[in-house]
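Q: With the sequence up front, the predicted model follows.
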Amino acid sequence: MKLRVQNPNSQRLIQIYTGGAVFKGCVAVLSGTAAVLGAASIAADANTILGIFREDAATTSKCYIETLGGDAVVEGEYTGSSKTTLTDADLGKLIDIVVSTTTTSNDTQKFNLDDLTGPFQIVGYDNAKKLCYAVPLRAARYI
């Protein structure tokens, strides 16, 4: 599963050039004047998250990004080694993403339960499906 925005009524798309190969369902961050894949440890106050890529694209191609408005909730699978589930005590905590090491169209990003210091805030979870629901921090969003 890839990351996706939960509330389709707030979807706003932008088209931007890519600064490297990008993959559908991954976090898009601004690098100079182009969009690139978000890496682990995105700063919570960096003003760089553009949204979620809507498609795969090659370097210097145009692609669409679903921006993360004020009411956006991002749904994604979670993973963790020292922490393997979420509880109600985790609601409101920050969370980061972890990125797979592949660079193919199957590249995936998940929420990282072992890194509760990221640019997203946990607002819900489903342990049966290993899903986390999180909102991007305002200070982390570019738009």
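A: Yes, it's here.

Q: in this protein, which spans are strands?
A: Shown for the chain, the strands assigned by DSSP state E span residues 4-5, 13-17, 27-31, 34-37, 49-53, 62-67, 74-79, 94-99, 109-112, 120-126, 131-136.

Q: I'd like to know which elements the last one is packed against.
A: In this structure, strand 131-136 makes packing contacts with strand 74-79, strand 120-126, judged by 3 or more CB pairs under 8 Å, 6 or more residues apart in numbering; DSSP states H and E. All C-beta spots, glycine's among them, are computed from the backbone N, C-alpha and C.

Q: can you tell me the average pLDDT over the last one?
A: So that's strand 120-126. For strand 120-126, mean pLDDT is 96.

Q: Report the angle between it and strand 74-79.
A: Orientation check (axes from the mean of the first three to the mean of the last three CA atoms, to 10 degrees): strand 120-126 against strand 74-79 gives 80 degrees.

Q: so what does strand 120-126 touch, helix or strand wise?
A: With 3+ CB pairs under 8 Å, 6+ apart as the test, strand 120-126 has strand 94-99, strand 131-136 packed against it.

Q: strands paired with the first one, and their directions?
A: In this case it means strand 94-99. Using DSSP bridges, the strands paired with strand 94-99 in its sheet are strand 109-112 (antiparallel), strand 120-126 (antiparallel).

Q: For the last one, which residues meet the burial criterion?
A: If you call a residue buried by 16 or more other CB atoms under 10 Å, then strand 120-126 has these buried ones: 120-122, 125.
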